[in-house]
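**Q** Need coordinates for the below:
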Amino acid sequence: MEQMKAKPFRLGVAGAGKIVRDQHVDAIRATEGLELVASADPHSRLEGVASYASLEEMLDAAPDIDAVAICTPAHLRHRLASHALARGKAVLLEKPPGATLAEVQDLKAQAEKAGLTLFAAWHSRFAPGIAAAADWLAGRRVEGVDIRWHEDVRVWHPGQAWLWEAGGMGVFDPGINALSIVTALLPDPFFLKRANLVVPANAQTPIAATLEWRTADGVLLSGDFDFRHEDPPCWEMTFVTDGGSLTLEAGGARLIVDGKTLIDEPEREYQGVYAHFHSLLETGHSDMDITPLQQVADALMLGHRQATEAFVDDDGSA
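**A** Residues are numbered from 1 along each chain as shown. Below is the predicted model:
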């Protein structure tokens, strides 16, 4: 007798903005075992699926949804994820998983109590070069790390004025992607020692930042994050080790070891995100690493803030 194929997990998305249209929709549809059935957004609709004005309306109309991907601005995620968990749904959280550490810790406690899957989707960890970088670094001692994460906010975040509000994180909205990679690749924790944040005069979050960390063994990590960079972006980091140097470029899509390119592939991070989410749904496990968010919280708390003369326009540009 032919074995019956398992029914796919039915997914709804909360938020139908740029990141959902650019990344989530195609990745969900490309992942075997997942089916995108609905979206919830008061301002936007997705073609090909039922669309609703709110998460509550979506779950009322489609109670058989198994999981919800929360893809709204960070300051909305706690309320929406809490509601989805209360309705018995597994939850995927677009990065960052919340506006504050307290919010994320509360969601972890809710999911654990309910026995539901909760996933902080650090998409950059699924870039093509990351797994190979982890393998190469595993047998070597890291002696220094340099991060440069520069992009043009006008190109990559048009109209996203929430970036400049409390909880929006400013330049750390993309910068947290770099921190998600480094925290995954380094075997030892590292601690913020020096920070300078450049904050526009009418904003609450930085447009640029320079940071320095040290591990307990004194290894220096430096980070330069900037939203004022002209396109194309510079998303790269270099690990200096006792056995050579490793560089990740293009957000981790390109891997270079001692000047030789070993991996150079198209970006496909979100396919990895949803393949992992599917495995979590099948096993009932959660994946809620919050160390990248802890690093940003330290930077915002300890950083020296210096207002600039620049103003952030209503469309999100500076």
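
**Q** tell me the contacts of A121?
**A** 69, 92-95, 97, 273, 277 (CB atoms under 8 Å, 6 or more residues apart in numbering). Glycine gets a C-beta too; all of them are placed from N, C-alpha and C.

**Q** Please identify the one among the residues you listed that lies nearest to P200.
**A** K95 (23.0 Å; CB to CB).

**Q** Tell me if I'm right that V142 and G244 touch.
**A** No. V142 is beyond contact range of G244, at 11.3 Å (criterion: CB atoms under 8 Å).

**Q** higher neighbour count, those two?
**A** Each of V142 and G244 has its neighbours counted (other CB atoms under 10 Å); V142 has more, 20 against 13.

**Q** Show me what the more buried one bridges to in the sheet.
**A** The partner list for V142 in beta bridges (DSSP bridges) reads T241.

**Q** Quick one: residues contacting it.
**A** When contacts are counted by CB under 8 Å, 6+ apart, V142 touches 186-187, 219, 239-241.

**Q** Would you mind listing the two of those residues that lie farthest apart?
**A** Comparing every pair within the contacts of V142 by CB to CB identifies P187 and V240 as the most remote, at 15.1 Å.

**Q** more neighbours, these two?
**A** Just comparing P187 and V240: by other CB under 10 Å the higher neighbour count belongs to V240, 16 against 10.

**Q** separation between D106 and L85?
**A** Using CB to CB, to the nearest Å, D106 is found at 10 Å from L85.

**Q** Look at the two and report which has more neighbours.
**A** Neighbour tally, D106 and L85, criterion other CB under 10 Å: the higher count belongs to L85, 20 against 15.

**Q** check which helix or strand covers the more buried one.
**A** L85 belongs to helix 77-86 when assigned by DSSP states H and E.

**Q** Any buried residues in the helix or strand that that helix is followed by, and which?
**A** With elements assigned by DSSP H and E, the helix or strand that comes after helix 77-86 is strand 90-94. Neighbour counts over strand 90-94 (16 or more other CB atoms under 10 Å) mark 90-94 as buried.

**Q** Turn the residues you listed into TSV, columns for distance to L293 and pLDDT.
**A** Listed next are the buried residues of strand 90-94 as TSV, based on distance: CB to CB, whole Å; pLDDT from 0 to 100:
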residue	distance to L293	pLDDT
A90	20	98
V91	16	98
L92	16	98
L93	10	98
E94	13	97
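
**Q** okay if I get these as TSV plus distance to K113?
**A** Formatted as TSV, the buried residues of strand 90-94 follow (distance: CB to CB, whole Å):
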residue	distance to K113
A90	14
V91	14
L92	19
L93	17
E94	23
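
**Q** Check these and tell me the two furthest apart.
**A** Taking CB to CB, the two most distant members of the buried residues of strand 90-94 are A90 and E94; they sit 14.5 Å apart.

**Q** Quick check: end-to-end length of stretch 140-154?
**A** With CA to CA, to the nearest Å as the measure, stretch 140-154 spans 39 Å from end to end.

**Q** excluding its backbone neighbours, what's nearest the most centrally placed residue in the chain?
**A** Taking CA atoms, centre = their mean, the centroid of the chain lies closest to K95, which sits 3.1 Å from it. In space, and not counting its chain neighbours, K95 is closest to W122: 5.6 Å by CB to CB, 6 or more residues apart in numbering.

**Q** OK, contacts around the one you found?
**A** W122 neighbours (CB under 8 Å, 6+ apart): 95, 177, 180, 184, 289, 292.

**Q** Now for the residues you listed: which two are most distant?
**A** Farthest pair in the contacts of W122 (CB to CB) is N177 and D289. Separation: 13.7 Å.
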